[in-house]
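Asks: sharing a sequence plus its predicted fold:
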Amino acid sequence: MSSPILTRLAFAGSLKAGATVEARWSAAHPMDSGFRVDDSGQKIPRNIIHTVKVLLNEQLILEADLGTAMTSPVYLAFPVQVPAGGGWVRVLWMDDAGQAGETTQRLVV
Amino acid sequence: MRWAAFQFAGWAVWLCAIPLTLTAQTASSSSLQSGNAFLSADLLAMQNDATRNPAQLWLEQGRKLWGNAPQKGICFECHGQAQSMKGVATQFPKWSRTQQKLINLEDQILICTQRSSKPLKGLENPDVLALSALLHDTSQGLPFRMSAAQGDEVPWQDALNKGAEQFTTRAGRMNLACTHCHELNIGKQMRADVISPAHPTGFPIFKMSWQSMGSIDRRLRACYSGVQAEVPAPGSQALRQLELFLKVRAQGLPVDGPSLRR
């Protein structure tokens, strides 16, 4: 349980200034929907990543409220326009258990 | 007349022999297939696209854990670059003389990390799977080379025989042995799945139904549960012996793990 949540951010497309690439973020979070029960019949409390924020060079470009229908590992794909000179994309996430994390990846032009 | 009849008989023998040898050949080459040959086009595309392949999460973590500088307490300190471990994944399971039992790559990783600054516990620990994924990745394309180390031939052969025995022994409420699906019904549909020849070249696997990475240990246990047999405990010798037999059986096929499964 205490093992860290693996996350990953990758870009698909040509990284040129002005071009639009697809950013693909995934996180190996258990995404417990709250509907399952454990072996003793007790409900497993909901624990999903409920908020994802994406920053491009510290500017918010996407904010998503996720629901229980998300897969595990979570997979989000969104377009990012590559700024002149490149920059950094930061994906911040928060889950129901109060755990939070961040994935940072450089956009190299 | 007699000569003609003899000649005819000779031809008949030849004609019969040709299709026989052909089928024998196709059978042997088609039975050496990686599990990847049974993936749907969509899954195969996902596997080949590093930006979408979920196994990359573990692979990246594996690289992080391995490190790339001789820091104290990490894999790099003893082993150097991960690339220097090329071929290691092709040799497990091995007979461990000190433990007097078969150990596979995940067991070895667990043993190794007890000496590091980050001792790991549990075969399905994400970090163990991450390192296993990394080591399999560095051996990708190399054929499995199962053999006994000098002096260990007797226990190794004994383990292999036990694995072969399990493969052909009926078990569970379904009363099926491995061989009934994975040799006699290859390519046929079992519900939504196509039965593969069980050549374990793609481990560790990211299995969609698990929504996670898993080792060959876990996958074999899933098979026991599938035929409603008593499931061996994680890490038990029965699973290692079966793994050894399966890998000897797949000898010649290259490592192609980590890979995706349905």
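Replies: Ah, there it is.
Asks: from here on, contacts and neighbour counts on C-alpha atoms
Replies: Fine.
Asks: now B:V248: which helix or strand?
Replies: helix B:237-249 (DSSP states H and E).
Asks: from the contact counts, what lies against that helix?
Replies: If you count contacts as 3 or more C-alpha pairs under 8 Å, 6 or more residues apart in numbering or on different chains; DSSP states H and E, helix B:237-249 packs onto strand B:101-103, helix B:153-167, helix B:216-226.
Asks: what's that helix in contact with?
Replies: Residues outside helix B:237-249 that contact it (C-alpha atoms under 8 Å, 6 or more residues apart in numbering or on different chains): B:92-93, B:101-104, B:144-146, B:159-164, B:166-167, B:198-201, B:216-217, B:220-221, B:232.
Asks: low-confidence ranges in chain B?
Replies: Within chain B, the ranges that satisfy pLDDT under 70 run B:1-31.
Asks: flag every residue of it that's near chain A.
Replies: Applying C-alpha under 8 Å from any C-alpha of the partner chain, we find that chain B lies next to chain A at B:51-52, B:54, B:57-58, B:61, B:126, B:211-212.
Asks: ok, so what distance separates the most centrally placed residue in chain A from chain B?
Replies: Centroid check for chain A by C-alpha atoms, centre = their mean gives A:W25 as the closest residue, at 5.1 Å. Distance, A:W25 to chain B, by C-alpha to the nearest C-alpha, to the nearest Å: 9 Å.
Asks: quick one, phi psi at that residue?
Replies: When read as degrees, to the nearest 10, the backbone of A:W25 gives phi -110, psi 130.
Asks: beta partners for it?
Replies: With DSSP bridges as the criterion, A:W25 is bridged to A:L9, A:L76.
Asks: for it, give me its contacts.
Replies: Contacts of A:W25 (C-alpha under 8 Å, 6+ apart): A:7-10, A:74-77.
Asks: one more: B:L105?
Replies: By C-alpha under 8 Å, 6+ apart, the neighbours of B:L105 are B:89, B:92-93, B:132.
Asks: what two of the residues you listed have the greatest distance between them?
Replies: B:P93 and B:S132 (12.9 Å; C-alpha to C-alpha).
Asks: which residue ranges of chain A form strands?
Replies: Read by DSSP state E, chain A holds these strands, from start to end of the chain: A:7-12, A:20-27, A:49-56, A:59-65, A:74-81, A:87-95, A:100-107.
Asks: just list what the longest one packs against, helices and strands only.
Replies: Judged by 3+ C-alpha pairs under 8 Å, 6+ apart, the packing partners of strand A:87-95 are strand A:49-56, strand A:100-107.
Asks: go on, the fifth one?
Replies: Under the contact criterion of 3+ C-alpha pairs under 8 Å, 6+ apart, strand A:74-81 touches strand A:20-27.
Asks: one more: the shortest one?
Replies: For strand A:7-12, the helices and strands in contact under the criterion 3+ C-alpha pairs under 8 Å, 6+ apart are strand A:20-27, strand A:100-107.
Asks: stretch B:119-139: how far from the chain's middle?
Replies: Chain-centre distance of stretch B:119-139: 15 Å, with C-alpha atoms, centre = their mean, to the nearest Å.
Asks: list the buried ones in it?
Replies: Applying a neighbour-count criterion of 16 or more other C-alpha atoms under 10 Å in any protein chain shown, one finds B:120, B:123-139 buried in stretch B:119-139.
Asks: thinking again about what came up before, of the helices and strands packed on strand A:7-12, flag the one that's most buried.
Replies: Most buried of the helices and strands packed on strand A:7-12, by mean neighbour count (mean count of other C-alpha atoms under 10 Å in any protein chain shown): strand A:20-27, with a mean of 19.
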